[in-house]
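1. Model the following, please.
(chains A and B, ligands or ions: 2)
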Amino acid sequence: MQMSGAQMVIEALIAEGVDTVFGYPGGAIMNVYDEIYKQDGFEHILTRHEQASVHAAEGYAKASGKVGVAMITSGPGFTNAVTGLADAYMDSIPLVVISGQVPMSLIGTDAFQEIDAVGISRSCTKHNYLVTDASELPRILKEAFYIAASGRPGPVHIDIPKDVTAQVAEFDYSRPIELETYKPTVKGNARQIKKAVDVIVKAKRPLFYLGGGIINSNASEEVRRFVKMTGIPAVETFMARGTLRYDDKLLISMLGMHGSYAANMAMSETDLVIALGARFDDRVTGKLSEFAKNADVIHVDIDPASISKLVHANFPIVGDVKGVVTAMMELIADKVNASRYEPWLETIANFEKLHPLSYQEEKDVIKPQWVVERIGELLGDRANISTDVGQHQMWAAQFYPFTRARQFVSSGGLGTMGFGFPAAMGVKRADMDRVSINITGDGSILMNIQELMTAVENKLPVINVILNNQYLGMVRQWQTLFYDKRHSSTDLSAGQPNFTMLVESFGGVGYEVGTKAEFDAALKDAVEKNVVALINVSVARLENVMPMVPSGGSLFNMMLASKEK
Amino acid sequence: MADARRVISVIVINEASVLSRVTDLFSGRGYNIESLTVAPVPDSKYSRLTIVTSGSIRVSEQIVKQLHKLIPVLKVYEHADLVEKEMALVKFPVNESLSDISALAAAYNGSIVNVGDETIIVMVADEPKRVNNFLNLVKRYHPKEIVRSGSVALER
Ligand SMILES: Cc1ncc(C[n+]2csc(CCOP(=O)(O)OP(=O)(O)O)c2C)c(N)n1
Ligand SMILES: [Mg+2]
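-> Ligands and ions are numbered 1, 2, ... in the order given. Now for the predicted structure:
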């Protein structure tokens, strides 16, 4: 069928099953917005900043498992979106981001709102396209969705000049994708899998090291069964939270810079690391030469470049975690003998007893960790948890009782302050039946605060819980510990808005919380009213996130108690 | 581990921006490029890049894997046993000893390829190491300009 480039974009989105597009219009993308106006196949949600469009699409993608879609204009619209692209790239989130560009005839002339968008996005996308002819659009759109979601997922950016969106050409979306240079390895090598199983059975102190790839691969059910079947204990990365239930006896906890003592010690003492969809990030491994020093490594990952990048894998398996784990279970079924690990589990239990993840309650002041636990007690599985970046983020990861994959949405790789609120809107949109909570800080929340308008207008009742320490707390913590308490530009006590007035001016509801009883009342009220809310909780100002492996230190050298009380 | 010289060939779809994808990957990840040549593969939609780089085994393994991840990359060869050649053009003043220069060039698979009023241009084509040698040897003839092509390579 003949149609304009703009119409093709609409038709392709509908054919891909897209039900929500987050975006912001402008000159170069107006032809497409004109077609959005005319259609009713999907809903367009106008965010109030392009960065938020992309973060919302990320939240949507993470909660739903589908490809998230954002649409923006050229120049400043695009540059505003770059942080979102980079965030999705670092955390392997499948997105298709479509930007307008100046007409072909003006490209290269420093035209109004012209910027070399594909030049900028090249290093922070899985792939990108500059469309030079409308006849290319059906192929490019189809490829973009396929590339975003397959293999190791990631964001794909399509830049479309304005005249190409007006140009008429043939649209045929049924053509199969032919990408002879892109064929991700999905199925793990059977011989490698068998070898891995043989060493698993022989190991005395094996340890599952579960990463975010499990969630991307929708493999948490398989991994839960695998862990249960083998009786081998597990640690999770930050990105993998929710893979195992919080109360699974075999889940030690999160590992890494702010991982639990037991998790980090288990990693230091294990004789076999079974890494599933994890990438040995520096925030996880600490000092590489000391990481899992006594262990062989089995590494299952869909991205060959992640294998042996930082830690040598004795048993590399390139493939999708879900299939590989399923194949491993078949081979291992009659060979496991869980009692074999009893001494190892006992060692780990002792680590846990020695230094459990905990915090000291204090009279008269709410501890931030308590707030996280309390949300867990009151909402538990009913809530999806997004976070911003900082101390509150680490407490959320440490203390929330996660019960399922895709329950926890947070910016791990890039650590983007301002991610949480728009992401929580995307999460809400993907999972309307659950409560969408954004655990945030008094610094981060102001980085995309304009999204209050989007949330109120579009009835996306995100509840923002501000763990307000009147500090850029995480930076303050490093200053306290490593810069002799010189709190340079991190004290926000003289820079606090009236959060309640702020949210109410947008049509949401604000709560000022100074006691535990007030917190309970506020959260219950916000959930009941089902409104966009800011719950501003005054928490202990100088609390530190512990344990902590100082940057570049070894996992077994943890700081344990807060030095500043 | 010692940084060794490595020659990598990359077969890519011959399309706009593919070269910047490759070079961005090198600069973005802090890998160095000593030389890079690129030309279309005859009768195909592909181009072949020959990249000379250096690094440890681990680094070069990463380079190969990261190159593979680029969508328009079809194949990546890290050469172990290869024939590698490079060309150089050198401009000399005509008042230098032309016969000496010509004889030297011949020893390096080359010849005088252009004679002008004031300068001559000599072409040599040989292994990069030997091209180095040649360029060293001819210093005494006061070369005015030197241009090297970068390596091309084929597995034996
Ligand atoms: C966009 C961005 N800018 C700067 C930083 C560096 N940074 C990391 S945590 C942090 C403090 C965050 O403060 P707040 O949101 O109040 O959280 P808290 O640590 O106090 O819980 C900063 C500035 C960042 N991660 N992202
Ligand atoms: Mg704070």
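2. Let me see the backbone angles for the residue of chain B found nearest ligand 1.
-> Shortest chain B-to-ligand 1 distance, computed as C-beta to the nearest ligand atom: residue-wise this is residue B:28, at 20.2 Å. (C-beta placed from N, C-alpha, C; glycine too.) Dihedral angles of residue B:28 (phi, psi; degrees, to the nearest 10) stand at phi -60, psi -30.
3. again with the one 5 residues further on
-> Backbone torsions for residue B:33, taken as degrees, to the nearest 10, come to phi -120, psi 120.
4. can you pull the contacts of it?
-> Neighbouring residues of residue B:33 by C-beta atoms under 8 Å, 6 or more residues apart in numbering or on different chains: B:23, B:26, B:51-53.
5. before we move on, the earlier item: who's the closest spatial neighbour of the residue of chain B closest to ligand 1, skipping the chain neighbours?
-> Counting by C-beta to C-beta, 6 or more residues apart in numbering or on different chains, residue B:28 lies nearest to residue A:123, which is 5.0 Å off, once chain neighbours are set aside.
6. got a winner among the contacts of residue B:33 for most neighbours?
-> Of all those, residue B:51 has the most neighbours under the rule other C-beta atoms under 10 Å in any protein chain shown, reaching 25 neighbours.
7. What residues of stretch A:317-330 count as buried?
-> Using 16 or more other C-beta atoms under 10 Å in any protein chain shown as the test for burial, stretch A:317-330 gives A:317-325, A:327-329.
8. So it, near chain B or not?
-> No: figure legend: stretch A:317-330 not in contact with chain B (C-beta under 8 Å from any C-beta of the partner chain); closest approach 10.1 Å.
9. For chain B, list the residues in contact with chain A, please.
-> Counting by C-beta under 8 Å from any C-beta, chain B sits next to chain A at B:12-13, B:16-17, B:20-21, B:24, B:28, B:58, B:61-62, B:65-66, B:68-69, B:71-74.
10. try 10 Å this time
-> Within reach of chain A by C-beta under 10 Å from any C-beta of the partner chain, chain B has these residues: B:11-13, B:16-17, B:20-21, B:24-25, B:27-29, B:45-46, B:58, B:61-75.
11. ok but the residue nearest to residue B:28 is inside a strand, no?
-> No: when classified by DSSP: H, G, I helix; E, B strand; the rest coil, residue A:123 is found to be helix rather than part of a strand.
12. so what pLDDT did it get?
-> The pLDDT attached to residue A:123 in the predicted structure is 96.
13. Thought residue A:86 was touching it, still the case?
-> Yes: counting by C-beta atoms under 10 Å, residue A:123 does reach residue A:86; the two are 8.6 Å apart.
14. Can you give me the neighbour number for the residue in the stretch 1-150 of chain A that ligand 2 sits nearest to?
-> Sorted by distance to ligand 2 under C-beta to the ion, the residues of the stretch 1-150 of chain A start with residue A:55, at 19.3 Å. Residue A:55 sits with 36 neighbouring residues when counted by other C-beta under 10 Å.
15. Over to residue B:35?
-> Counted with other C-beta under 10 Å, residues neighbouring residue B:35 total 16.
16. Tell me which residues touch the spatially most central residue of chain A, please.
-> To find the centre residue of chain A, average its C-alpha atoms and take the closest one (C-alpha atoms, centre = their mean): that gives residue A:410, at 4.1 Å. With contacts taken as C-beta atoms under 10 Å, 6 or more residues apart in numbering or on different chains, residue A:410 has the following neighbours: A:59, A:62, A:91, A:238-239, A:241, A:385-389, A:393-394, A:396-397, A:416, A:419-420, A:423, A:438-439.
17. Now do the SS call for residue 151.
-> Unless you meant another one, I'm taking chain A. From three-state DSSP, the assignment for residue A:151 is coil.
18. Correction: the question concerned chain B.
-> Going by three-state DSSP, the secondary structure assigned to residue B:151 is strand.
19. Count the neighbours of the residue of chain B closest to ligand 1 for me.
-> The number of residues packed near residue B:28 is 12, by other C-beta under 10 Å.
20. quick one: the residue in the stretch 151-300 of chain A that ligand 1 sits nearest to and ligand 2, what's the gap?
-> Among all residues of the stretch 151-300 of chain A, residue A:258 sits closest to ligand 1, at 11.7 Å; criterion: C-beta to the nearest ligand atom. Between residue A:258 and ligand 2 the computed distance is 16 Å (C-beta to the ion, to the nearest Å).
21. what do you get for residue A:406?
-> The separation that residue A:406 has from ligand 2, given C-beta to the ion, amounts to 27 Å.
22. isn't residue A:299 right next to residue A:316, touching?
-> Yes: here residue A:299 lies in contact with residue A:316, judged by C-beta under 10 Å, at a distance of 5.5 Å.
23. Please enumerate the shared neighbours of these two.
-> Common neighbours of residue A:299 and residue A:316 (C-beta under 10 Å, 6+ apart) are A:196, A:275, A:306-308.
24. Among those, name the ones in helices.
-> When helices are assigned by DSSP state H, the members of the shared contacts of residue A:299 and residue A:316 inside them are residue A:196.
25. Redo the shared contacts of residue A:299 and residue A:316 as CSV? Include pLDDT.
-> Written out in CSV, the entries for the shared contacts of residue A:299 and residue A:316 read as follows (pLDDT from 0 to 100):
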residue, pLDDT
A:196, 98
A:275, 98
A:306, 96
A:307, 96
A:308, 94
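26. So which of the shared contacts of residue A:299 and residue A:316 sit within strands?
-> Of the positions in the shared contacts of residue A:299 and residue A:316, residue A:275 sit in strands, assigned by DSSP state E.
27. Intersect the shared contacts of residue A:299 and residue A:316 with the contacts of chain B.
-> Within the shared contacts of residue A:299 and residue A:316, those near chain B by C-beta under 10 Å from any C-beta are A:306-308.
28. Let me know the closest of those to ligand 2.
-> Ligand 2 has its nearest neighbour among those in residue A:306, at 32.8 Å by C-beta to the ion.
29. How about residues contacting stretch A:484-497?
-> A:441-443, A:445-446, A:449, A:468-480, A:503, A:534, A:536, A:541, A:563-564.
30. Now the buried members of the residues you listed.
-> Neighbour counting over those (16+ other C-beta under 10 Å) leaves A:441-443, A:445-446, A:449, A:468-477, A:479-480, A:503, A:534, A:536, A:541 as the buried ones.
31. which ones among the residues you listed come in contact with ligand 1?
-> Filtering the buried ones among the contacts of stretch A:484-497 for neighbours of ligand 1 using C-beta under 6 Å from any ligand atom leaves A:441-443, A:469, A:471-475.
32. what sits against the closest residue to residue A:325 other than its chain neighbours?
-> Among residues not flanking residue A:325 along the chain, residue A:222 sits closest, at 4.6 Å (C-beta to C-beta, 6+ apart). Shown in contact with residue A:222 (C-beta under 10 Å, 6+ apart): A:214, A:276, A:321-326, A:328-329.
33. go with 8 Å
-> When the contact criterion is C-beta under 8 Å, 6+ apart, the partners of residue A:222 are A:321-322, A:325-326, A:329.
34. residue ranges of the helices in chain B, please?
-> When secondary structure is read from DSSP H, chain B shows helices at B:18-28, B:57-69, B:98-107, B:128-137.
35. roughly how far out does stretch B:142-156 sit from the chain middle?
-> 5 Å (C-alpha atoms, centre = their mean, to the nearest Å).
36. Name the residues that touch that stretch?
-> The set of residues that contact stretch B:142-156 without belonging to it, under C-beta under 8 Å, 6+ apart, is B:7, B:9, B:35-37, B:50, B:52, B:77, B:79, B:81-93, B:96, B:119, B:128, B:131, B:135.
37. for stretch A:369-382, same thing?
-> By C-beta under 8 Å, 6+ apart, the surrounding residues in contact with stretch A:369-382 are A:359, A:361, A:383, A:385, A:392, A:395-396, A:398-401, A:403-404, A:407, A:434-435, A:437, A:439, A:465, A:467, A:516, A:519-520, A:523-524, A:527, A:537, A:539, A:543.
38. ok, which of these also contact ligand 1?
-> Under the cut-off given by C-beta under 6 Å from any ligand atom, ligand 1 has A:392, A:467 from the contacts of stretch A:369-382 close to it.
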